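Asker: Model the following, please.
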Amino acid sequence: MKDTFFSYIQQLQDTITSKLEEVDGKARFKEDLWERSEGGGGRTRVIENGNVFEKGGVNISGVHGELPKSMQAYFGVEDADFYACGLSLVLHPKNPMVPTVHANWRYFEMYDKKGNIVDQWFGGGQDLTPYYLFDEDALHFHTVCKEACDKHHPDFYTTYKARCDEYFWNTHRNEARGVGGLFFDYCKANEEMKMTDWYNFVTEVGNSFLNSYVPIAEKRKDLPYNKAQRDWQEIRRGRYVEFNLVHDKGTLFGLKTNGRIESILMSLPPHVQWRYDHQPEKGSKEERLLKVLKAPKTWV
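Answerer: A predicted model of the protein is given here:
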C-alpha cells in the first residue's frame with residue numbers, strides 16, 4: 001500500500017503544480033529534493049512572488065525509521081518503527097479577496113522490531129481560509145468536498161466536516177481558522193472499509209482538490225483591493241501562523257521526527273501582522289467574517 005500511495009502523491013504533485021502555474025501565469029515552482037538522515041526524504045516545490053500566489057508550497061515526503069520516544073508515548077507503543085508519506089500544500093494568495101487554502105493527504109504504517117505491520121491508516125483533508133467571505137465560494141468548496149465523500153459513504157461528509165470544524169479551531173482565540181472543509185485521520189480497516197477502500201476514498205478527495213479551489217482563485221484574483229484590506233489579510237494571517245505553531249499535529253510531528261524545517265514551515269505566510277487588540281469596525285465585512293468564525297456554519 002505504501003508504494004502505491006507514494007506513487008499516487010508523486011503524480012498528484014505534478015498535476016497540482018502544473019495547474020497552479022497556469023493559474024498564476026508568472027511564477028514557477030522551485031523544486032528542492034532533500035533527504036532525512038534517519039531515513040527517507042522528500043520533494044519540496046515552492047512558488048513565490050507570482051501574479052496570484054505570494055507564497056505557496058506543494059510538498060511530498062516519504063520518511064521512515066525508529067519512532068521517536070515522544071511519539072511512542074503519544075501512540076502508546078514501545079520500540080516501534082514507522083513509515084509515513086503524504087502530500088501537503090498551502091497557498092497564500094496575494095489578493096486578500098482570494099482565500100488561503102490548505103490540504104494534506106497522508107498514509108502511515110507502524111512496525112514491530114521484526115518488521116511486521118502492527119498498525120496502518122490514512123488521514124488528510126482540505127480547508128479554506130478566506131479573508132473576505134464570499135458565501136458562494138464557501139458553498140462551492142464544501143459542495144466539491146461533499147460530492148467526493150458521497151461517492152464512498154453517505155455519512156463521510158457530515159462526519160469529516162464536523163471534525164474539520166473541531167480540529168482547525170484556534171482554542172486560545174475561540175475561533176475557527178477558516179470556513180472548514182474536511183478532516184479525517186486514523187482511517188483504518190474495519191468491517192465496512194478495507195484499506196483499499198480507504199485508499200480509493202482518500203485519492204478521490206485528493207483528485208477533487210483543484211476543482212474545489214481553482215474556480216474560486218480564478219474568480220477573485222483580479223478583484224480590486226486597498227491597503228486597509230491588505231492589512232486585514234496580514235492580521236488574519238497572524239491567526240493562521242498561531243494555529244500552525246501551537247495546535248497543528250502535522251507541524252508538531254515534523255518537528256518531533258527531525259523533519260526538514262524549511263519544508264515544515266513552508267506553510268507560514270511571508271507577510272504577517274500582529275496588532276494589539278485589533279477590532280474591526282461594527283457592521284463591516286471584516287466583522288462579519290469574525291462572526292462566522294466564532295460559530296461554524298453548515299454550508300451544504
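Asker: for the stretch 101-250 of the chain, which spans come out with low pLDDT?
Answerer: Judged by pLDDT under 70, the stretch 101-250 of the chain has no weakly predicted residues.
Asker: Let's see that with 80 instead.
Answerer: 250 (pLDDT under 80).
Asker: quick one, helices of it?
Answerer: Along the stretch 101-250 of the chain, the segments classed as helices by DSSP state H, counting those that start in this stretch run 135-150, 156-167, 195-220, 227-246, 249-256.
Asker: If you average the pLDDT over the helix or strand just after the last one, what comes out?
Answerer: The reference is to helix 249-256. Toward the C-terminal end, the helix or strand that comes next after helix 249-256 (DSSP states H and E) is helix 261-264. Confidence for helix 261-264, expressed as mean pLDDT, is 82.
Asker: can you tell which of the helices of the stretch 101-250 of the chain is closest to Thr100?
Answerer: helix 227-246 (6.6 Å; C-beta to C-beta). Glycine gets a C-beta too; all of them are placed from N, C-alpha and C.
Asker: and the most far-flung residue of the chain relative to its centre, how far is that from Ala73?
Answerer: The outermost residue of the chain relative to its centre, with distances by C-alpha atoms, centre = their mean, is Lys114 at 33.7 Å. Using C-beta to C-beta, to the nearest Å, Lys114 is found at 22 Å from Ala73.
Asker: again with Asp231
Answerer: With distances taken as C-beta to C-beta, Asp231 is found 43 Å from Ala73.
Asker: Could you check which of these two is surrounded by more residues?
Answerer: Neighbour totals were compared for Asp231 and Ala73, and Asp231 leads with 14 against 11 (other C-beta atoms under 10 Å).
Asker: quick one: contacts for the more buried one?
Answerer: Asp231 makes contact with Gln273, according to C-beta atoms under 8 Å, 6 or more residues apart in numbering.
Asker: at 10 Å what do you get?
Answerer: Shown in contact with Asp231 (C-beta atoms under 10 Å, 6 or more residues apart in numbering): Pro96, Gln273, Arg275, His278.
Asker: Fine by me, thanks again.
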